[in-house]
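Peer 1: Below is the structure, and that's it, no one-letter string:
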Ligand SMILES: O=C(O)c1ccccc1NCC(=O)[C@H](O)[C@H](O)COP(=O)(O)O
């Protein structure tokens, strides 16, 4: 079966970086609406980035502990297609915010070393049971500042039965993404720091190299 790992490039703030990511073959782009992040984009700037996109590219709006009202105000200016909750939100808070704008959402789970695989399966099932807007888990490393930390977590903690439904994130780069895809076989991979020149400023060559590495890993798995 020809399995293709989906690719999200996150933390974009420039039109040229959006265009680079799409031309290189990214399936999704992530826009950070968390004001304390160095990758934060204002909703109006985000709407210009979204306007630069061709069809069929998923736009992920990234939130940390935002209220439904705040999510509504942002989405009114920047019509993202998918929400990503990356803070301390409860199941109910994620579901309420997603319902408020009628958008599907992914839940970021920051993996700590003491986590057990069974806990993750239960955690995901809780979200699946809570809302048909739940779209899946993004697994990230546990870092200060909630995310975008450029830190890898122990991929062996991911239950094999969960891997085909998760977005693997956290410290990925052209140096490790081939091994990540081969070891985990996730539904998708997500990267921010690993393709940057500076926070929020992407390196076009690194984006292209990262996406090429994912495609090569996919091809090796199809052989
Ligand atoms: O990117 C940020 O600055 C950020 C800030 C606060 C919460 C989440 C954030 N990013 C979320 C993402 O989806 C990142 O792509 C993910 O954390 C991986 O980042 P990196 O390890 O730098 O590739």
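Peer 2: That came through fine. All figures in this text were calculated on a predicted structure; none of them were measured in a lab.
Peer 1: all strands for this structure, in order.
Peer 2: Chain-ordered strands for the chain, with DSSP state E as the definition, fall at 6-10, 28-32, 58-63, 82-85, 105-111, 134-141, 166-168, 188-191, 196-198, 201-202.
Peer 1: closest to the ligand out of these?
Peer 2: Minimum separation from the ligand across these (Cβ to the nearest ligand atom) falls at strand 6-10, 3.2 Å. For every residue, glycine as well, the C-beta is placed using N, CA and C.
Peer 1: what sits up against that closest one?
Peer 2: Here strand 6-10 makes contact (Cβ atoms under 8 Å, 6 or more residues apart in numbering) with 17, 21, 25-30, 32, 39, 58, 60, 62, 148, 167, 169, 187-192, 195, 202, 207, 210-211, 214.
Peer 1: List, out of these, those positioned next to the ligand.
Peer 2: Filtering the contacts of strand 6-10 for neighbours of the ligand using Cβ under 6 Å from any ligand atom leaves 30, 32, 39, 62, 148, 169, 190-192.
Peer 1: so can I have CSV of those showing neighbour count?
Peer 2: Output for those, formatted as CSV (neighbours: other Cβ atoms under 10 Å):
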residue, neighbour count
30, 28
32, 28
39, 23
62, 30
148, 25
169, 31
190, 27
191, 29
192, 28
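Peer 1: what does the lengthiest helix in the chain contact?
Peer 2: Counting by DSSP state H, the longest helix found in the chain is helix 204-222. Applying Cβ under 8 Å, 6+ apart, the contact partners of helix 204-222 are 1-5, 7, 9, 16-17, 20-21, 24-26, 172-174, 177-178, 181-182, 185, 189, 191, 194-196.
Peer 1: And the residue most central in space within the chain, how far from residue 151?
Peer 2: Centroid-nearest residue in the chain, with Cα atoms, centre = their mean: residue 190, separated by 4.9 Å. To residue 151, residue 190 is 13 Å away according to Cβ to Cβ, to the nearest Å.
Peer 1: Equivalent analysis for residue 91, please.
Peer 2: According to Cβ to Cβ, residue 91 and residue 151 sit 25 Å apart.
Peer 1: Write out the residues of the protein neighbouring the ligand.
Peer 2: Residues of the chain lying near the ligand (Cβ under 6 Å from any ligand atom): 10-11, 30, 32, 34, 37, 39, 62, 64, 86, 140, 145-150, 169-172, 190-194.
Peer 1: which stretches of the chain have low pLDDT?
Peer 2: By pLDDT under 70, the low-scoring segments of the chain are 1-2.
Peer 1: try it again with 90
Peer 2: Across the chain, the ranges flagged by pLDDT under 90 are 1-3, 112-118, 145, 221-223.
Peer 1: Burial check on residue 77, number of neighbours?
Peer 2: The tally of other residues near residue 77 (other Cβ atoms under 10 Å) stands at 13.
Peer 1: before we move on, what about residue 21?
Peer 2: Residue 21 has 28 neighbouring residues, counting by other Cβ under 10 Å.
Peer 1: Surely it is in contact with residue 202?
Peer 2: Yes - between residue 21 and residue 202 there is a contact at 7.2 Å, judged by Cβ atoms under 8 Å.
Peer 1: Check the contact lists of those two and give me the overlap.
Peer 2: Counting by Cβ under 8 Å, 6+ apart, the contacts common to residue 21 and residue 202 are 9, 12.
Peer 1: For residue 45, which non-adjacent residue is spatially closest?
Peer 2: Once flanking residues are discounted, residue 45 sits nearest to residue 13: 7.2 Å by Cβ to Cβ, 6 or more residues apart in numbering.
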